[in-house]
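> predicted model, plus sequence, below.
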Amino acid sequence: MKSPHETHFATLAIHAAYDAKQNQGALTPPIHVSSTYAFDTVEQGGAAFQGENDRFIYARLGSPSQQILEQRLAQLEQAEAALATASGMGAITATMWSMVKPGDEIIADLSLYGCTFSFLEHGLKSFGIKITYLNLSDPQNLVDHISDQTKLVYSETPSNPNMRLIDIEALSLICHQHDCKLMIDNTYCTPYLQNPLTLGADLVVHSATKYLGGHGDLIAGIVAGSHADIDHIRMFGLKDMTGAVISGFDVSLLLRGLKTLHVRMDRHCENAQKVAEYLNQSTHVKHTFYPGLENFPQKNLAAKQMRDTGGMIAFELNASREQSAQFVNSLKMILCAVSLGDAETLIQHPASMTHSTYTEEELLAHLISPTLIRLSVGLEHIDDIIADIHQAFESVFDAASGNCFSDNGLAISA
Ligand SMILES: *Cc1c(COP(=O)(O)O)cnc(C)c1O
């Protein structure tokens, strides 16, 4: 992948927006902990407040090391500008507060990160914003519904937790006929695998807690887009509405995580492909949803807009809801935890955990099966990941059915 400056992704992830030689040779940018910034004169301070110079003012508006992170991520997402926040939800909420007013409509896809759904459903809705959920995997549903009232269309792709894709380019064309912005949550892919802005989206958000940080040791968020939008989100959504400011220490951890993003993502993809193939041929699995599988329903769309197929898998067991939970409980190395994108393989049961605020009807309406399991494939040795899944299948299903199983989990005879 090439940036506008023809420097490759891996090089940008390590070098963009920082020159050690300009910083006393320090390979790693300093951590800025200052809450406020001194001016030479009142007039200089006044000009800073008017946006007439680029002096730092106060850490809720940014800091020098945060600026390095933001400029680096803007380059990786091929955006004009980016803003770092204290969490993914900080980025999503600051952006949405900045983009709509009472009476406007947001159209969101049916499948959403649980807290994003809560923010729309229990937050923005009560402030007079109309929220409509559509299956955006079929762009015709957006054509049929969008109106001049619609100011924002929001989707993840692949979606959490069920791995449905939406066609970013197709949706952006529809939005732009209606003076409406398209906002994409790119957490699952990271800019290494997918750049929504180059496909026509207006805003891209990340939970940087996940792959961008990559080590499970920070909470952070990113939003990237045009200079005008990012300035507005910084000076209103973040400064006045959420105050969800990233700390200097988390900026430093995130810059460190980014340096290995491309290397980690390659291994996440390689491991996930093998785990998905294993699950797909197991008699214990009803459906495996992974863009790298031949039977993935949106395989062509994945090939069109993603550079590789990612580290996330969703699957449904040939089992009851109780047995699905029992399977997760039987894993020995793989950890039962929310979050994703870490070195450790993490697994969770959305109906019981991340999406437990949904009623039974909401789960069905939002296409989340009660037996669906979400797997974030980590960086451990592939044989150890598969062996753990295999022994958990054996412990749940061999005991239950008395069937005879071969080494690879396939039934030899019933
Ligand atoms: C985790 C996550 C979020 C929320 O991010 P936080 O950093 O936890 O606030 C939003 N969207 C997706 C897809 C996520 O996985």
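Cool, the structure landed.
> tell me the domain ranges of this protein?
As given by automatic domain parsing, the domain ranges for the chain are 9-258, 264-401.
> dump those to TSV, plus mean pLDDT.
Formatted as TSV, those follow (pLDDT from 0 to 100):
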stretch	mean pLDDT
domain 9-258	97
domain 264-401	95
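> for the ligand, find the nearest of those.
When the domains of the chain are compared by Cβ to the nearest ligand atom, domain 9-258 sits nearest the ligand, at 2.2 Å. Every C-beta, even on glycine, is put in place using the N, C-alpha and C of the backbone.
> is any residue of the closest one near the ligand?
Yes: using Cβ under 6 Å from any ligand atom, domain 9-258 reaches the ligand at 87-89, 113, 115-116, 156, 160, 185, 187, 207, 209-210, 219, 221.
> of those residues, which belong to helices?
In helices, judged by DSSP state H, the following of those are found: 88-89, 115-116.
> which of these tops the neighbour count?
Top of these by neighbour number is residue 88, holding 26 neighbours under the definition other Cβ atoms under 10 Å.
> can you give me the buried ones in the longest helix along the chain?
In the chain, taking DSSP H as the definition, the longest helix is helix 261-280. By 16 or more other Cβ atoms under 10 Å, the buried positions in helix 261-280 come out as 261-262, 264-265, 267-273, 275-280.
> near the ligand, which of those show up?
Counting by Cβ under 6 Å from any ligand atom, no member of those reaches the ligand.
> most widely separated two among the residues of domain 9-258 next to the ligand?
Spanning the widest gap among these are 156 and 219, at 18.3 Å by Cβ to Cβ.
> higher neighbour count, those two?
Between residue 156 and residue 219, counted using other Cβ under 10 Å, residue 156 has the larger neighbour count: 25 against 19.
> excluding chain neighbours, give the residue nearest to the more buried one in space.
Leaving aside its chain neighbours, residue 156 sits nearest to residue 185 (4.1 Å; criterion: Cβ to Cβ, 6 or more residues apart in numbering).
> so what's that neighbour bridging to?
Under DSSP bridges, the beta-bridge partners of residue 185 are residue 156, residue 205.
> the stretch 251-400 of the chain: helices as residue ranges?
Here the stretch 251-400 of the chain has its helices, by DSSP state H, counting those that start in this stretch, at 261-280, 299-305, 321-329, 360-365, 382-393, 399-401.
> closest to residue 249 out of the ones you listed?
From the helices of the stretch 251-400 of the chain, taking Cβ to Cβ, the stretch that ends up closest is helix 261-280, at 19.3 Å.
> quick one, that closest one and helix 382-393 angle?
Calculated by axes from the mean of the first three to the mean of the last three Cα atoms, to 10 degrees, helix 261-280 forms an angle of 40 degrees with helix 382-393.
> oh, and call the first residue 35 from now on, that's how I've got it
From this message on, residue numbering opens at 35, which makes the last subject helix 295-314.
> what sits up against helix 295-314?
43-44, 47, 224, 226-227, 245-246, 248, 319, 322, 324, 326-327, 329, 342-347, 349, 375, 377, 409, 411-414, 416, 419-420, 423-424, 442-443 (Cβ atoms under 8 Å, 6 or more residues apart in numbering).
> now, of the residues you listed, which are buried?
43, 47, 224, 226-227, 245-246, 248, 319, 322, 324, 326-327, 342-347, 349, 375, 409, 411-414, 416, 419-420, 423-424, 443.
> hang on, residue 358 packs against residue 352?
No: Residue 358 lies out of contact with residue 352 (Cβ atoms under 8 Å); the separation is 9.9 Å.
> just the helices in the stretch 85-234 of the chain please.
Going by DSSP H, counting those that start in this stretch, the stretch 85-234 of the chain shows helices at 98-110, 122-133, 148-152, 173-179, 202-210, 224-227.
> the first one to helix 295-314, inter-axis angle?
Right, helix 98-110. Going by the same axes, to 10 degrees, helix 98-110 makes 60 degrees with helix 295-314.
> mind listing what's buried in helix 98-110?
Buried residues in helix 98-110, counted by 16+ other Cβ under 10 Å: 98-104, 106-110.
> what residues does the stretch 335-448 of the chain put near the ligand?
By Cβ under 6 Å from any ligand atom, the residues of the stretch 335-448 of the chain that approach the ligand are residue 374.
> returning to what we had before: just the ones of the contacts of helix 295-314 in strands?
Those of these mapping onto strands are 319, 322, 346-347, 349, 409, per DSSP state E.
> quickly note the distance from residue 193 to residue 247.
Going from residue 193 to residue 247 by Cβ to Cβ, to the nearest Å gives 21 Å.
> please apply the same query to residue 378.
For residue 378, the distance to residue 247 - Cβ to Cβ - is 13 Å.
> neighbour count winner among the two?
residue 247 (24 against 15).
> once you drop chain neighbours, what's closest to the more buried one?
Nearest to residue 247 is residue 291, by Cβ to Cβ, 6+ apart, at 4.3 Å.
> and the one you found, how many neighbours?
Residue 291, neighbours per other Cβ under 10 Å, totals 22.
> now do the contacts for it.
Counting by Cβ under 8 Å, 6+ apart, residue 291 has contacts 246-249, 252.
> and what of residue 239?
Counting by Cβ under 8 Å, 6+ apart, residue 239 has contacts 122, 125-126, 129, 217-221, 255-258.
> hmm, back to that, residue 358 and residue 352: who's more crowded?
When neighbours are counted by other Cβ under 10 Å, residue 358 and residue 352 differ, and residue 358 comes out ahead with 23 against 14.
> OK, contacts around that one?
By Cβ under 8 Å, 6+ apart, the residues touching residue 358 are 350-351, 383, 404-407.
> now, which of those lie within strands?
350-351, 406-407.
> could I get the residues you listed as TSV with neighbour count?
Putting the ones in strands among the contacts of residue 358 into TSV (neighbours: other Cβ atoms under 10 Å) gives the following:
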residue	neighbour count
350	17
351	24
406	23
407	22
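> farthest pair in the residues you listed?
It's 351 and 406 that sit farthest apart of the ones in strands among the contacts of residue 358, by Cβ to Cβ, at 9.0 Å.
> hang on, the earlier thing: what is the most widely separated pair among the ones in strands among the contacts of helix 295-314?
For the ones in strands among the contacts of helix 295-314, the maximum inter-member distance is 15.8 Å, found between 319 and 346 (Cβ to Cβ).
> and stretch 222-237, how far apart are its ends?
16 Å (Cα to Cα, to the nearest Å).
> identify each buried residue in that stretch, please.
222-231, 233-237.
> same thing with stretch 275-288?
276, 278-282, 284-288.
> repeat that for stretch 348-368.
Neighbour count says stretch 348-368 has 348-351, 353, 357-362, 364-365, 368 buried, by 16+ other Cβ under 10 Å.
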